[in-house]
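*Asks:* mind folding the following:
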Amino acid sequence: MESERLRRGIERLAAGEGDVRGDEGAVVDEVIAALDEGLVRVAEPRADGWQVNAWVKQAILLYFRRRSVAWMDASSELAFYDKLPLKKNYDKTGARCVPPGVARYGSYLAHGVILMPGYVNIGAYVDEETMVDTWATVGSCAQVGKGVHLAGGVGIGGVLEPPQGMPVIVEDGAFVGSRCVVVEGVRVGREAVLGAGVVITASTPIVDVRGSAPQIRKGFVPERAVVIPGTLPKRFPAGEFATPCALVIGTRTESTDRKVSLERTLREYDVAV
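*Replies:* Predicted coordinates for the structure are as follows:
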C-alpha cells in the first residue's frame, strides 16, 4: 500500500537513516502534500476509537528540518517570513478562506469549510461544513469533525510532540462557544455544546451534574453534553479556594435539524456563546 511505503520512508528518516534535506527527504514532501489534500491524517476514527498515526506527526517534524526560512508574499502589503508555505488549494477542496485568515500548507480544509480571519496549523484536519470563526485557532494535528462551529476566539490546542500523543479532537456537530480553550488531547464528543469561556485541559475535572450525584471525568466531553464553566473547592496550605472545572449541566436534544436543536438547547439552559 502507498501509505505503507510512506510510513517506512518516514520512520527511516526519523531514526536518522538518510539526509532529510537531500533526495531521501522527498518522501516527507509526499506526506505533507497528502496531508494538504486530506489523503492521510494524523489521527482517524476507527470502530474501536481514535487511532494516532505517529509516523505522520514525524513527517511534520521532519518537514520543519527540511525547509528553510524564506519570505512569502501574500499581497503587496502582507508578507510572512517562515519555513512553511501557506495553503493554496481552496478551489480544489471547496473551502473558503476570508482575508486575512491563514492556513498552513499541510492542513486540510474540506468542502464547505469557512475559515474566517483565524488560523489553522499544519497537520490539522477540518471536515466538511465546519466554521472556524474570527480569531479562532486550530492547532497542529487537531482533528475537527463535520458541521462543527468554532466560535470567535476559540483556541483548539495542537499536539505535535510526542508523535504518539493523541491530538485534540472535536467530533461532528459540536458547538464550541466564544473564547473556549480545548487543549492537551481532550476529545469533545459528537454534538456537544461548550458555552462561552469553557477551558478544558487534560487535568480539568469535567463534572456531570445531570444526575442526583456528581460524576467526574477528565479528557472527554460526552456526546450532546451542554457544558459551562464552573469551580470546585480545593484546600491549600493557605486555605480553601475555588479551582476551575467544566460543568455538564444538560443534554442537547436529538433533532434532524442540528441548528434548530442547538438554538433550542441554548435557550433552555441559558448558555452564553
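
*Asks:* show me where pLDDT drops low in the stretch 151-273 of the chain?
*Replies:* Applying pLDDT under 70 to the stretch 151-273 of the chain picks out residues 255-267, 273.

*Asks:* which stretches of it form helices?
*Replies:* 258-269 (DSSP state H, counting those that start in this stretch).

*Asks:* which stretches of it form strands?
*Replies:* Taking DSSP state E, counting those that start in this stretch, the strands of the stretch 151-273 of the chain run over residues 155-156, 169-170, 175-176, 181-182, 187-188, 193-194, 199-200, 206-208, 215-217, 220-221, 225-236, 239-251.

*Asks:* low-confidence ranges in the stretch 1-150 of the chain?
*Replies:* In the stretch 1-150 of the chain, residues with pLDDT under 70: 1, 75-77.

*Asks:* the residue nearest to residue 223 when sequence neighbours are not counted: neighbour count?
*Replies:* Nearest residue to residue 223, sequence neighbours excluded (Cβ to Cβ, 6 or more residues apart in numbering): residue 189, at 3.8 Å. Glycine gets a C-beta too; all of them are placed from N, C-alpha and C. Per other Cβ atoms under 10 Å, the neighbour tally for residue 189 reads 17.

*Asks:* kindly report the same for residue 210.
*Replies:* By other Cβ under 10 Å, the residues close to residue 210 number 14.

*Asks:* go on, residue 43?
*Replies:* If you count neighbours by other Cβ under 10 Å, residue 43 ends up with 24.

*Asks:* that one reaches residue 142, doesn't it?
*Replies:* No. Contact criterion Cβ atoms under 8 Å: residue 43 and residue 142 do not qualify, at 9.1 Å.

*Asks:* joint contacts of the two?
*Replies:* Residues touching both residue 43 and residue 142 by Cβ atoms under 8 Å, 6 or more residues apart in numbering: 125, 167, 169.

*Asks:* next one: the second one from residue 25, what distance?
*Replies:* With the distance defined as Cβ to Cβ, to the nearest Å, residue 167 ends up 24 Å from residue 25.

*Asks:* which one's more surrounded, these two?
*Replies:* Between residue 167 and residue 25, counted using other Cβ under 10 Å, the more crowded position is residue 167 (27 against 18).

*Asks:* which residues does stretch 28-36 contact?
*Replies:* By Cβ under 8 Å, 6+ apart, stretch 28-36 touches 6, 10, 13, 20, 40-42, 56, 59-60, 62-63, 66, 87, 89, 105-108, 122-123.

*Asks:* got the domain ranges for the protein?
*Replies:* Structural domains assigned to the chain are 2-66, 83-269, following automatic domain parsing.

*Asks:* for the longest one, the distance to its chain's centre please.
*Replies:* Okay, so that is domain 83-269. Domain 83-269 sits 7 Å away from the centroid of its parent chain (Cα atoms, centre = their mean, to the nearest Å).

*Asks:* give me the contacts around stretch 208-222.
*Replies:* Applying Cβ under 8 Å, 6+ apart, the external contacts of stretch 208-222 come out as 185-189, 192, 194, 200, 202-207, 225, 227, 246-251.

*Asks:* list the buried ones in it?
*Replies:* Neighbour counts using 16 or more other Cβ atoms under 10 Å place 208, 220-222 of stretch 208-222 among the buried residues.
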